[in-house]
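*Asks:* need a structure here:
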Amino acid sequence: MDTRTSKISSVDLALEGLEDGQTLIIGGSLFHNKPMFLVREIIRRKVKDLVVVSVPQASIDVDLLISAGCVAEVRVPYMGFEYLGLAPGFRKATSEGKISVWECDETHLLAALEAAARKLPSGIAKAGVGTDVHRLNPDIKLVKDHISGEPMTAVAALKPDLAILHAAAGDKYGNLRYVGYSFADLMVAEATRQGGGKIVASVDEVVPNASFTNDPFRTNISCMLVDHVIEAPYGAYPCSSHGSYQFNEAAIIDYLKAAKSENGIADYINDHVLSVPSHQHYLDKHVNLQSLIEAKAKTYVD
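*Replies:* Predicted structure coming up:
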C-alpha cells in the first residue's frame, strides 16, 4: 500500500511563506524551460527586495520581475535577450541605482550552488583569477589551493529560500521529467533542498507515477527534491518547454517594446499579470490556439 503524500498543490499553497527580501532562484535558461507562470504569480503577490538568481542565463523571467519592482539584487552570469537585444528592465534599474548586481562568472554561481548542495561553506573556481571580480563582489575571495598552490577564487555557498522550476511532466509525488535539456535545474534543486529552502515546480502535464517507475532513467529530478507540483499547461509561455512547445518570439518582442517606456511596461504588467486572476485566464486572454499549435509543431525536427 502506497502511503506517500501527494505533492500536487495550488499556487497559493506553493508560494505560501514567500516574503520580501528572500532569495529566489529560477530554473531554465534564456527562453527555455522558464517557469513564467510562477514568475507572474510572484509578481501578483507584490513581494519586494528579492535577491534573484538565475543560472546559467536569464531573460524575460528576471527582467519582468525587475520591471515589476520585485527585485533588489540580481545574481546572473548573463542577463539579456540573446539575438533580440539587451534587457530593458535590468538596464534601467541598474543605471538608476535601483538594484545591485552580484558580479560573477557562470562558474562562480555554479560553485556556490554546488557548495550548498554538498553542505560546504564555500566552493572553489579558477574563474576570476587575474581579474577584479573579488574586489567587486565581497562573496568571492582570492585564495590559494592547498594542494597545488595555484591561485583560485572561493565563493560563499548560495542557499536559496525558494526555487521555481518548469518541466514538461511530473507525477503526484514530485518526480520531474524534462523532454530535452534540464540545464542546471538539478543543481538548483539540490542546493535549495540542502540549504533548507522550498522547491516548487510547474509542469505542462501531471502523468501517472507508473510513467516514472516503468522508465526510471527518464526521471531528471527526484521527488525527494521537490515540495510542490502545479499542473500548468504552457506554464513556460511565452518561453519554451523542451519537447512540448517552442518559445513565442513575437510575444517576447511585445514585452521588449512595452518595456521601452514607464507607461508601456506598467500597462503590460497590468494586462499580463495583475488583471489576470489565473493561469487559465492568462492563456485565454493572451494565447491563441493556432500560436500554440505552431509552437508545438516547431519542437519536432525531421
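*Asks:* Am I right that residue 225 is in contact with residue 190?
*Replies:* Yes - using CB atoms under 8 Å, residue 225 is in contact with residue 190, at 6.3 Å. (Glycine included, C-beta is placed from N, CA and C.)
*Asks:* Tell me how many other residues surround residue 10.
*Replies:* 10 (other CB atoms under 10 Å).
*Asks:* so what does the helix of greatest length in the chain touch, helix or strand wise?
*Replies:* Using DSSP state H, we find that the single longest helix of the chain is helix 106-117. Counting contacts by 3 or more CB pairs under 8 Å, 6 or more residues apart in numbering; DSSP states H and E, helix 106-117 packs against strand 122-125, strand 151-156, helix 185-194.
*Asks:* so which of the ones you listed gets nearest residue 286?
*Replies:* Residue 286 lies closest to helix 185-194 among those, at 25.5 Å (CB to CB).
*Asks:* Toward the C-terminus, what is the element adjacent to that closest one?
*Replies:* The helix or strand immediately downstream of helix 185-194 is strand 198-206, counting by DSSP states H and E.
*Asks:* what's the angle between that next one and helix 185-194?
*Replies:* 140 degrees (axes from the mean of the first three to the mean of the last three CA atoms, to 10 degrees).
*Asks:* Neighbouring strands of strand 198-206 in the sheet, and parallel or not?
*Replies:* strand 162-170 (parallel), strand 228-231 (parallel) (DSSP bridges).
*Asks:* Now render those strands as CSV, adding mean neighbour count and distance to residue 255.
*Replies:* Shown next, in CSV, are those (neighbours: other CB atoms under 10 Å; distance: least, CB to CB, whole Å):
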stretch, mean neighbour count, distance to residue 255
strand 162-170, 28, 18
strand 228-231, 22, 23
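*Asks:* Can you tell me which of those strands is nearest to residue 218?
*Replies:* Nearest of the strands paired with strand 198-206 (CB to CB): strand 162-170, 9.1 Å.
*Asks:* Contact partners for the closest residue to residue 170 other than its chain neighbours?
*Replies:* For residue 170, ignoring the flanking residues on the chain, the nearest one in space by CB to CB, 6 or more residues apart in numbering is residue 203 at 3.9 Å. Shown in contact with residue 203 (CB atoms under 8 Å, 6 or more residues apart in numbering): 166, 167, 168, 169, 170, 176, 229, 230, 231, 232, 235.
*Asks:* same deal with residue 25?
*Replies:* 52, 53, 54, 55, 158, 160, 162, 163, 164, 188, 191, 192.
*Asks:* what's the answer for residue 89, then?
*Replies:* Neighbours of residue 89 in contact, by CB under 8 Å, 6+ apart: 63, 64, 66, 67, 259, 265.
*Asks:* so what pLDDT did the closest residue in space to residue 66 that isn't next to it in sequence get?
*Replies:* In space, and not counting its chain neighbours, residue 66 is closest to residue 89: 4.1 Å by CB to CB, 6+ apart. With respect to pLDDT, residue 89 has a value of 98.
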